[in-house]
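S.K.: A predicted structure for the sequence below; I have some questions about it.
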Amino acid sequence: MGFDIKYYAMAEQEIKRRRRANSRKSENRRAEIERRFPEYRKLRGVLAATGAKIASAVIGGGENVKERIAAIEAENLKTAAKIADLLTLGGYPPDYLDPVHSCGKCLDTGIADDARCECFKNAVKRLAAEGINSKSPLVLTGFETFETELYPDEEEKSSGENIRDIMRDNFIYCQNYADNFHLPNAGILLIGGTGLGKTHLSLAVAGRTLENGFNAVYGSAPDLFRKIENEHFGRENGDTASALQSADLLVLDDIGAEFNSSFYMSVFYNLLNSRMNAGLPLIISTNSAMPELEGRYGERVVSRLITMKILKFYGNDIRQLKRRFV
Ligand SMILES: Nc1ncnc2c1ncn2[C@@H]1O[C@H](COP(=O)(O)OP(=O)(O)O)[C@@H](O)[C@H]1O
Ligand SMILES: [Mg+2]
Ligand SMILES: [Zn+2]
């Protein structure tokens, strides 16, 4: 995982904040119980002294060490039972006074089994994704604002199907996809002319997937590829390619609109190939029809694209339609 170093630093900070917040929470809980049950302070003192008592029994040695230790432990259990009774009495859950942790694996240290904990890696990935998404209008277009009435109630010539029905199906497919997002899955390819809602729906899927707790990255292919190129040649800092490779969902908007270069073609192929091999989906939108895509990117790209769910978009440019009526 090669991410921009700043995301590692941000993840460290985030975990530190989490640890502090949780220890404050534990502290507040103790204080709360103490306020309600003043005897709790004494009971806690007894528990806290157990270790020292056992140590001094061991060090002191002499006769009956075992028995004395057993007695200390028995007293300890009794004290713990009294505290449990207080909690029950107060209507608290039995683990109310246990230390609070967001991650049970690393106890909010970010390190488990001598390695970076999963929670730390996820924080780095999420922060890198957020860094990319912050440049996108993710909040502006959702499923809520997608209207199917904007599509003509007419037959589509080649299939004879009703265009509005096709678009309603596309909408429902995308909504279900986002609501039931799981890994692995085959992704979606949105094909059709300008202004038909491809970007709108792609953003809606990215937004909903993020809300559902997955790490989704959205960007237009021209922007993202240019960024990868600049980073590759040292003109910009960062590792966008890694972030795009590892995100749970990558929404690559406007494929085919980027400058036609062999560098971009290999970026696209590598992204497709590595993500698909890892079972990680893409949502790709394009104004280009299949033959155009094949002409531009070649057979090995197209053979991967056709394994995706293909949604064709029909109708009239909605940007123009809206302009006419407002
Ligand atoms: N079905 C729809 N309902 C509401 N607004 C739409 C719909 N389809 C597109 N739009 C709006 O029209 C404009 C163009 O849509 P966009 O998604 O960018 O088209 P595309 O990506 O297919 O070129 C955007 O402002 C978008 O929010
Ligand atoms: Mg678009
Ligand atoms: Zn952890």
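M.R.: Nice, I can see it. Numbers count the residues shown, from 1 in each chain. Ligands and ions are numbered 1, 2, ... in the order given.

S.K.: Just the pLDDT for the closest residue to residue 237 other than its chain neighbours.
M.R.: Distances taken as CB to CB, 6 or more residues apart in numbering place residue 4 nearest to residue 237, at 6.5 Å, with adjacent residues excluded. In this view, the C-beta of every residue, glycine as well, is placed from N, C-alpha and C. According to the model's per-residue confidence, residue 4 sits at a pLDDT of 73.

S.K.: Phi and psi next, for residue 4.
M.R.: Note on residue 4: its backbone torsions stand at phi -50, psi 130 [degrees, to the nearest 10].

S.K.: these two touch, right, it and residue 238?
M.R.: Yes - in this structure, residue 4 sits in contact with residue 238. The criterion is CB atoms under 8 Å, and the distance is 4.4 Å.

S.K.: circling back: residues contacting the residue nearest to residue 237?
M.R.: With contacts taken as CB atoms under 8 Å, 6 or more residues apart in numbering, residue 4 has the following neighbours: 128, 131, 237, 238, 239.

S.K.: Nearest to residue 103 among the residues you listed?
M.R.: Checking the contacts of residue 4 against residue 103 with CB to CB, the nearest one is residue 128 at 19.2 Å.

S.K.: Quick check: closest non-adjacent residue to the residue of the stretch 151-300 of the chain found nearest ligand 2.
M.R.: When distances are taken as CB to the ion, the stretch 151-300 of the chain reaches nearest to ligand 2 at residue 199, 3.2 Å away. Spatial nearest neighbour of residue 199, excluding adjacent residues (CB to CB, 6+ apart): residue 253 at 5.5 Å.

S.K.: Shouldn't the one you found be within a strand?
M.R.: Yes - inclusion of residue 253 in a strand is indicated when DSSP: H, G, I helix; E, B strand; the rest coil is applied.

S.K.: who's it bridged to?
M.R.: Beta bridges link residue 253 to residue 220 when assigned by DSSP bridges.

S.K.: Let me see the contact set for it.
M.R.: Residues counted as contacts of residue 253 (CB under 8 Å, 6+ apart) are 198, 199, 202, 218, 219, 220, 221, 285.

S.K.: Please work out how many residues are found near the residue in the stretch 101-250 of the chain that ligand 1 sits nearest to.
M.R.: Nearest residue of the stretch 101-250 of the chain to ligand 1, counting by CB to the nearest ligand atom: residue 197, 2.7 Å away. Residue 197 has 25 neighbours, counted by other CB atoms under 10 Å.

S.K.: That one against residue 316, yeah?
M.R.: No - counting by CB under 8 Å, residue 316 is not a contact partner of residue 197; they are 11.1 Å apart.

S.K.: all helices for this protein, in order.
M.R.: Per DSSP state H, the chain has helices spanning 5-36, 39-60, 65-90, 118-133, 163-179, 198-211, 221-232, 240-246, 262-277, 290-297, 299-305, 318-325. These are given in chain order.

S.K.: what's next to stretch 229-242, contact-wise?
M.R.: Applying CB under 8 Å, 6+ apart, the external contacts of stretch 229-242 come out as 1-4, 128, 132, 224, 227-228, 263-264, 267, 270-271.

S.K.: Turn these into TSV, including distance to residue 41.
M.R.: Output for the contacts of stretch 229-242, formatted as TSV (distance: CB to CB, whole Å):
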residue	distance to residue 41
1	47
2	51
3	47
4	48
128	46
132	51
224	58
227	58
228	59
263	68
264	67
267	63
270	62
271	59
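
S.K.: Low-confidence ranges, this protein, go.
M.R.: Within the chain, the set of residues satisfying pLDDT under 70 comprises 1-2, 136-140, 325-326.

S.K.: and it, which of its residues are near ligand 3?
M.R.: Selection of the chain residues close to ligand 3 by CB under 5 Å from the ion yields 103, 105, 106, 117, 119.

S.K.: Go through those residues and flag which are in strands.
M.R.: Among the residues of the chain next to ligand 3, no member is found in strands (DSSP state E).
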